[in-house]
Each structure stands twice: as C-alpha cells, then as structure tokens.
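Student: Provided below for reference: sequence and predicted model.
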Amino acid sequence: MVTLSDIRLKEFQLENLPLINKLRTLHFKTHTEVCIERAALMTDFLKQDKSLTDDFQVVRAKAINHYLSNRKIVFHDDNLLGGSTTSKAIGAPMYPEFMGLSIWAELDTISKRTINPQKLTEEEADKCNFEIFPYWMDNTVLEKTRKKFNNPLSLQLLEKIVYYISGKAGCISHCVPDYSRALNEGLESIINEAETKKDELLMGGLAGESEKNIAFYDAVQIALQGIINYAANISQTAYELSLKESDLQRKNNLQQIAEVCSQVPAKPARNFREAVNSLWLCQVGIHAENINMAMSPGRVDQVLYPFFKNDFSLGKISIEEAIALGCCLWLKIADNTNLVPEAAEKLWGGAGSTPAVTFGGVDPDGNDAVNDLTYIFLRVTELMCLRDPSVNARYNYGKNDKAYRQRVSEVIFNTKAIPAFHNDISDIDTLVNQGVKIEHARDFAIVGCVELASTGKDYVASGSIMFNLASVMELTLFDGRKHTMNDEQVGPQTGDPARFTSYEQFYDVFRIQLKWMLENAIDINEKLASVHQEMLPTPLLSSFFKGPLESGKDLIFGGALYNSSGASFLAFPDICDSLNAIEQAVFSDKKCTMQELIDAIKNDFSDTASANLQAYIKSKTVKFGIEDTVSINNSKRLINDIYQILQSHTNYRGGKYRPAFWTMTTHAGQGKLAGALPSGRRAKEVFSSGITPASQAAKSLTEAFNSVASLDSRNIPGGWALNIKYTPLLLNEKKEEYLNKFGDLVEGFFRNGGMQVQFNVQDYKTLIDAKNNPEKYPEMIVRVSGYSAYFKDLSEPMKDELITRTQYNLFSGEAVPLPEDFNTAN
Amino acid sequence: MNIKLMKNSPFVFIFFLNLEIMDWLLHPFKSFSLWLTTRKFIKILEEEELDIFLETLLKVMSLFLFFNKKYRRNIDGFNARYVFKSKDNIIAASADFSGSRMKVSRKALENAAVTVVFKDGAALKNFLFAESPDIIGAILDSEVQYTGNLNYLSKFAYMSKRLKLQLTGK
C-alpha cells in the first residue's frame, strides 16, 4: 500500500545524507582485492578433516560452518549493517573447487594488470601457490568431470570456448532464495524443523534413501549454525570495538550492530533494521557455499515491507532512516565482484556479481504489490547509482498504478540506465506455461540479468549454458567444419551448401547442426551436474527454498518445487539476419550463388566482388527488427526450434531446459573470436546483444519494438534482454513530456507482448567521449545485456558495442545515424 | 632430502644417501651450468632465438630448482609428468617432477598429466611469458593446444613466470 505523499522522495538528497554520501564516495575510491579467506579456511578444514565416515553432505556442511565460524570480522567503514561478503572492502572471493585456479599463472601479475586489476599480496599468492591450489588441482569440478567421463567430446568442445560455455564448471548459483522465513522466524526455527524431520525419519528406521535424507537434515543444521556463529562473532567484535571507540556516532553504530547481530538471523527480526541486516547476513551466508554469481535477493520491497510498515506506523523509523538503511544494503550488496583471469577479463570484463533485486508487480494473490518501500528502494537506486545490485522493476499494466510506471521511468532517466522494466503479465503467463502454479508464478523475481524464477521455489540454474549460434551457422556453411579453426571437422557432415537447392534445405541442415551442438552442450551440463551431485551439495541454499526441508532432499538432487536449467543464446539477431540474407540473396533474389556467398565469408568480404555482395546484403536484405514477413518468420522459427529442442530434454533434477536471450558481455567477446557471417557482418565484429536488433538495422523504434514483441514469450521462459538507447532530453524538449512518452512506449511494447526492456539514455557522442576520456566519467553506468556495468571497466569491444547500438530519438522514434567518423579502431 | 621418505627400507636409505652424495659432488658443475644456462635463457628471451627455447627453459628450471630452496618448494610432494611437443614433432621434451626433483628428457614420455602441443617456440614463449598473454587467441588459432589437466598447465606457467622474474627481475 502506498501512503507516501511524494513518491519521488526528492527531499532526500545525498547532500543531506552525509553518512551515505561518505560511504558511497569511499566505495568508488576502493580498489578490488582478491579474497582468499574462504579458500584458505575451507582447504585447511578439508585437509585436516578426519571424519571419513561422515556423509559427504555433512562434510561439506562442516567445511562451510568452519569457514563462517572462523571468518575475520571486519568493519571497513561506518555502514549501518554488520557482515561482509569477504574480508576485503571490495573483494573477489576465491572458490578453488570451481575456477579459482584459473589465476594460478597470474598470481604475480593480477594486482598490476592494466584491465581491472585485483590486488593480491605476495603472502596471499604464496598461500595459494603452496597450500591451496595443490590440494585442488585434481579436485576441481572440471577436472573431476574430465576424469570421470574420460575427457568427453562435449568437454573438449567446451574448452574451445567458441561453441558454448557451460556455467557448471564455474558455479550453479543463479537463483532467488526466499529469506522471508529467516526474517520472520529466524534460522533457529529452520534448524529446529530439520531436527524434527530427522527425528521422524529415525523413528521410521533407516532404509533406502533415509540415510541420505538424515545426512541432509544434519547438514542443514550444521551449515545454518555457521551463519549464526558468524553473526555472533560480528556482535562480539562490534561490542568490543564500541568500548574503545571515541567517536560517538561510530560508537553508537557499533553498539547497534552488536545488538542487531545478537538477535538476527538466529531469531526473528523485531524491526526494519534487524530485518535488513538479517537478509544481508543470509545473503553473505549462502556465498560461503555458492559462488557470488547472480545469487539474487529477489523481491526486497515485499520481503522487508511488513517490518518497515510496522516500524513506520509506530513512529519507530523515519523515511530518511529507511532510505539510509536501504543505501547501506545496496553498498553491502556491491561489496564483492568475481575473480577473473586476465584472458577472460579481456573478453568478458566489467561484470559485477549481478545479484538482482526486483520491485513491484503483483503479489501471489494477483493484487498490486507496489508499496511505500518500493518507492524508498527506487529512491535508493537513484541516489546510489551502483553497478550492483542489478535492479529490476516489474510492471503490471493491469494492476500497477501509472504513477509507478512513471516513477520507474524517471529513475531510469536520472540514472541513465537503471532499473530494467519487466512485463508482469507476459512473464507470469510464460512461467505458468512452464507448469509453475499461478500463485508461485506471480511471486517471480529476476535472477542475475533477466531470468525468471519463482522466489524460493524454482532452482533455475539459469546460467547453465551460454550457446553461440554463430558457430552453428559456420558449421552449416562448411559441412560441419570450423573454417576459422584450421578447418577442423567438428559437427556432423551435412553436405556442401553450394549444392542445396532451396532455403528450406539449408535451414533443415542448420537445424541438424543446431540440435547436434545443443545436445553436446546439454551433455556436458549433465556430466558436470553429476560431479556437483558427488561433491557439492548445497544445504545452506536448500534451507531457503520450498521443497528440500519437506522432502529431505538437497536442491542439487531436485529438492526444489521446480527444477529448470537455463540456456542463453548468443548472436540471435546476427543469425536471423544471416538466415534472411541467405533466403533472399541466394534463393529468392538470386543475387549470388551460395558458393559466392561462402567464398565471400571465407575472405571476410575483403575483395571487390565480396565487398559488393556485402553492400547488397546490408542494404537490400531484411533484418531482424523490421516488420517484414521473411524476417519475422525466420526469427519466430528459430526461437521455436530452440525451444522445442531444449524442452525435449529433462535435466538431472527432473526439470526442463529453458531458452533465454541475454548475453551479458559475451556477445562482444565472442564476436571478436568469430569469422564473418552471411549477414554481412565481418570477422571480429561484435555480435548484437541479447535480443536487440543489430546496430542500425531497425530505422524506427516502433518497428524494433513490434518485431521483438511479435516473438512468443512463452517460447522464451528464461527471459530476454532488449537494449534500447535513447537520445537524452534535448534543450527544446520538456522533461514531463519526455517521461510520459518514455512510459507510454514501454507500456505499448508490453501490451504487444514484450517481456523486458532496458535502456541507456546516452548519445553516441557522450559514449565515444567516455571511451576516449574514461577519467571524465568514473561513475558512468550503462546497461550491458541484462545487468549494469561501469562503462570504464568494460572491454574495448564491449565499449564499441555500446557506442554503436542504435540511438533513437524518443519523440520522432527515428534512428539517429551513427557518426560517420566513428569506427571501432578509434 | 625428506627423512620421512626413507621409511624402513635400507635400500631406500642407501639410494637417497647416494643421491645426496651425488648432489654434493655435482654442485660446482651444476652451479656453473646454471650460470651458463641462465645467460642462454636471458638471451633467448631477448633475442628471439626460439628453436632452443623449450630445451633451455626446462634446463634452467631444473637447475634453479636444485639451487633455490624457496623455488624448490613448488615441487615439494609434487609428482607429475609434462610433455611438450611441437606440431611438426621436431621438438619434443618431457619434464618429470618426482621426489622434489625435476628430470628433463628429450622425448615425449608416457602417462603425462598434461601434454602441450605448440606451433613453434615463439608460440610457446608467447603463451608463457607475454606481458598480456593472449591465451584464448592462442587456443583458437591452435598455436598452443593441450590435453589433460589444465590446472597442471597453469602451475607450470606460474613456475615459468616466477623463474623468469627471479632470473631477470621482470
């Protein structure tokens, strides 16, 4: 319910929130450091653990408990909340069981590299080299999988990087836990339930799965106790520090943290501050077990609202205090990033850990869920303008007030990028179509970039596969060979396309290669998952989901109510344009033969004849983003085929594979590794992002919106990322009209079926200047493809992709031409 | 030598004792050899004389492991075999780490933890030592390929970089 008289909360500025202003300034001045604390404590424990008879779930829980109970307690600043993801002010935690060892060769250089350095002391590097890494070198998920399955083809393809990337080598994470029970009842309540369930099983006698279930209930209790111990240690340390502190404000804050952390998360939160801190400590806790990749706190405006409402109605908290706590939560969520080796940084750099928060929409009963706290968090988002959390606004045009739509639009306008807009109606419909109950679907939140998940009910593993469609096109054109990699025979031999007599024949072969490669991607996902099931149970995370406690089954064994896996597709717009070009230029218009097109692709459109063909294709064949039958049919058909292939597979937890079209920054990195395409795109040019029409392809905003909205969202249950760039407000334009137009366009897109849209309110000139003079734009935030990033941190290809994205004039709806003098070599 | 390794066998004891005596006797020779090989190694790094890059790298690494206690810590308890081959099979070498020692051989041994196949000496040098190594580019262009455990390759790359740092200061 909304009671605020001014939903914009404009009287609350950073200038009159001195603590928050100071914390934010400090955040931007802080350099990232590698944090080896978890790796060191977990490794030490496992080396010394002698409880060989314990079930592996219990061993894992004990290791987690050991880490959480022995963490160094740090207070890097005067944040109002206790707890931190790592021991560093901004830390990149190391998970050696996954890809932590990928920085081994860089231990001496990671602190000094030119792109996004991550500080590591010599002592820490030695600890990694001599103590941590040797223990894990045969025991990472990837190497265990290689050994168990004798280096299968699907793993070999994964290691070539350009076909698909399998998230499970690095994590599962990617989900939305439900913290509401922890806030309302406390973790001790969950521990008690686990103990009761265990007792019930013991009374029934040990048989079959019971032993495994009992071990699960033990593991839950041990792991949750780790979070409680961590909170108790924070409380004790804060109290001791407060005794020595002479600054009264700091002393008071430490005393409050001591009191709060002595209550939560063990026991129920009694007020808003305790609820916020409890949520944060649970979020910290799950990172002891799961990599910091898209572990999304979800609908914070819903989970925390009862506590705010109660405090506010009793006069126990002011709006200013609530905003301050919200800002502190945002800064805490942003206190970590991923550990990234240099090679990956070049291609995919600039990403945070993308914990997504979601506002608005409807509640499980279908009622308007927007409340005072929604607006408070929108103001927090506007004031902080941080990369993380990844902020998302659900908009239900049937239930939510237009004022909410306009306020979200205004925050995007002011931050120039955040939050992203999500269509409540189509998203709920899409989830219901996946078999999710309506009340669960209504309680969806965004994972990481754009993925949909019913809060605490669907273990979506949405980052399982990142699939490169451009490689499939290459295999189709070259009879299953990868001509850009020594003509290696990779896929099935499907024949020389020069002999194909129809577009249908070409597309059928494309589908064969697509299916073959997708099945390899699924195969390695399943194989990696089987190793996860042997070594990486998730008792902590399971405690925050519906299902595992009831069934005694960990999430990793299918304990959640819903169990999908996500596959996201790269270069979708480029492949649609390529299919269009083949259908029109080769088969309909007969402008060239297939052989001529293949030759042009081989020589990267470099000779005169090829360049002429490229010019023809670029100017005359239809593109994704244009309302044309050929273009729309090809895009719908491709979406449908991907959906059918994926949904025909059941994953290791009994759920379906869900296609998605978000690309983070991989479309830029993978584009740099790819050869030319039939669309006229030359080798090494970046791909288009997500489901966004290629740069300059759609000359009209309406056409771009309509062609994307025409895709059936039910075939894209993983979600999509549509990037739109608007010219900022011009001198002769009025802000109110601009914002009204902004909101109307979003609503029109949604009413036509659009799922999601995100914006950059930037022009070409500013982005080019930011690329050339990064020091002038230290805090410039942009939407990439799903999440947000600081422009200065992005790789060169990604910066170029953002610059060249089509810029539209909001009022005319026309594309603004890219400056002729800009080229990606600038 | 690690006394724990001796266990109770007199044969093992005599074997390790002999090794110690051999090390002591060979010390001056190895010392001179390290000096010479280091000079050659630095020259290769600076002058692109790459046909003997691999051989020199492995030799200098082996000698440095002998003389530098801290560096030798890298192979304490480490047992693994590496095979390096050029694509044309002209160059082949193996590094066998066992019992805190490194043995270099001019042929490809069996049962390697990781086998690295490189286009030429320049590709391998770039892969291991370039200031901003283009690892992905090297793999995509098939300049360097590997089979086996990637973590072992990462460890070797770290040891090589550390060696270069120790010997050249950069």
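Tutor: Yep, it's here.

Student: going forward, measure contacts between C-alpha atoms and count neighbours the same way
Tutor: Fine.

Student: contact partners for the residue in chain B positioned nearest to chain A?
Tutor: Using CA to the nearest CA, B:Tyr158 is the residue of chain B that sits closest to chain A, at 4.0 Å. The contact partners of B:Tyr158, taken as CA atoms under 8 Å, 6 or more residues apart in numbering or on different chains, are A:Trp104, A:Ala105, A:Glu106, A:Leu107.

Student: contact partners for the last one?
Tutor: For A:Leu107, the residues meeting the contact criterion (CA under 8 Å, 6+ apart) are A:Leu120, A:Ala125, B:Tyr158.

Student: show me what contacts the first one?
Tutor: Shown in contact with A:Leu120 (CA under 8 Å, 6+ apart): A:Glu33, A:Val34, A:Cys35, A:Leu107, A:Ile110, A:Ser111.

Student: what about 7 Å?
Tutor: The contact partners of A:Leu120, taken as CA atoms under 7 Å, 6 or more residues apart in numbering or on different chains, are A:Glu33, A:Val34, A:Ser111.

Student: quick check: closest non-adjacent residue to the residue nearest the centre of chain B.
Tutor: Nearest to the geometric centre of chain B sits B:Leu58, at 3.9 Å (CA atoms, centre = their mean). Nearest non-adjacent residue to B:Leu58, counting by CA to CA, 6 or more residues apart in numbering or on different chains: B:Val104, 6.6 Å away.

Student: is that neighbour in a helix, a strand, or coil?
Tutor: State at B:Val104, reduced to three classes by DSSP: H, G, I helix; E, B strand; the rest coil: strand.

Student: bridged to it, which residues?
Tutor: B:Ala95 (DSSP bridges).

Student: state the pLDDT value of it.
Tutor: B:Val104 is assigned a predicted lDDT (pLDDT) of 94.

Student: ditto for A:Met1
Tutor: At A:Met1, pLDDT is 85.

Student: quick one: it from A:Tyr305, how far?
Tutor: Look at A:Met1 and A:Tyr305: by CA to CA, to the nearest Å, they are 10 Å apart.

Student: before we move on, back to that, so for the helix or strand harbouring the residue of chain B closest to chain A, mean pLDDT?
Tutor: Take DSSP states H and E as the rule and B:Tyr158 turns out to sit in helix B:150-168. Mean pLDDT, helix B:150-168: 91.

Student: now do the buried residues in that helix.
Tutor: Neighbour counts over helix B:150-168 (16 or more other CA atoms under 10 Å in any protein chain shown) mark B:150-164 as buried.

Student: and the pLDDT for B:Ile21?
Tutor: Looking at B:Ile21, its pLDDT stands at 66.

Student: show me what the helix or strand where A:Leu157 lies is packed against.
Tutor: In the assignment (DSSP H and E), A:Leu157 maps to helix A:153-159. Contact here means 3 or more CA pairs under 7 Å, 6 or more residues apart in numbering or on different chains; DSSP states H and E; on that basis helix A:153-159 packs against strand A:164-166, helix A:503-535.

Student: quick check: buried residues in that helix?
Tutor: Judged by neighbour count using 16+ other CA under 10 Å, the buried positions of helix A:153-159 are A:Ser154, A:Leu155, A:Leu157, A:Leu158, A:Glu159.

Student: just stretch A:198-214 next, same as before
Tutor: Quick answer for stretch A:198-214 (16+ other CA under 10 Å): A:Lys198, A:Leu201, A:Ser210, A:Glu211, A:Lys212, A:Asn213, A:Ile214.

Student: A:Val2: how many residues sit nearby?
Tutor: Residues within reach of A:Val2, counting by other CA atoms under 10 Å in any protein chain shown, total 12.

Student: ok, now A:Asn338?
Tutor: Neighbours of A:Asn338 (other CA under 10 Å): 22.

Student: excluding its backbone neighbours, what's nearest it?
Tutor: Spatial nearest neighbour of A:Asn338, chain neighbours left out: A:Ala92 (5.0 Å); criterion: CA to CA, 6+ apart.

Student: related to what we said a few turns ago, what about the helices and strands packed on helix A:153-159, which gets the closest to chain B?
Tutor: Nearest to chain B, of all those, is strand A:164-166, at 13.4 Å by CA to the nearest CA.

Student: let me know the next secondary structure element after that closest one.
Tutor: For strand A:164-166, the following helix or strand on the C-terminal side (DSSP H and E) is helix A:180-185.

Student: ok, so of the contacts of A:Leu107, who is nearest A:Arg805?
Tutor: Set against A:Arg805, the nearest of those by CA to CA is A:Leu120 (36.5 Å).

Student: could you check how far that closest one is from chain B?
Tutor: 15 Å (CA to the nearest CA, to the nearest Å).

Student: can you check A:Asn823 too?
Tutor: Shown here: A:Asn823 relative to chain B, a distance of 23 Å by CA to the nearest CA.

Student: ok, of the buried residues of stretch A:198-214, which one's closest to chain B?
Tutor: Using CA to the nearest CA, A:Lys212 is the member of the buried residues of stretch A:198-214 that lies nearest chain B, at 31.7 Å.
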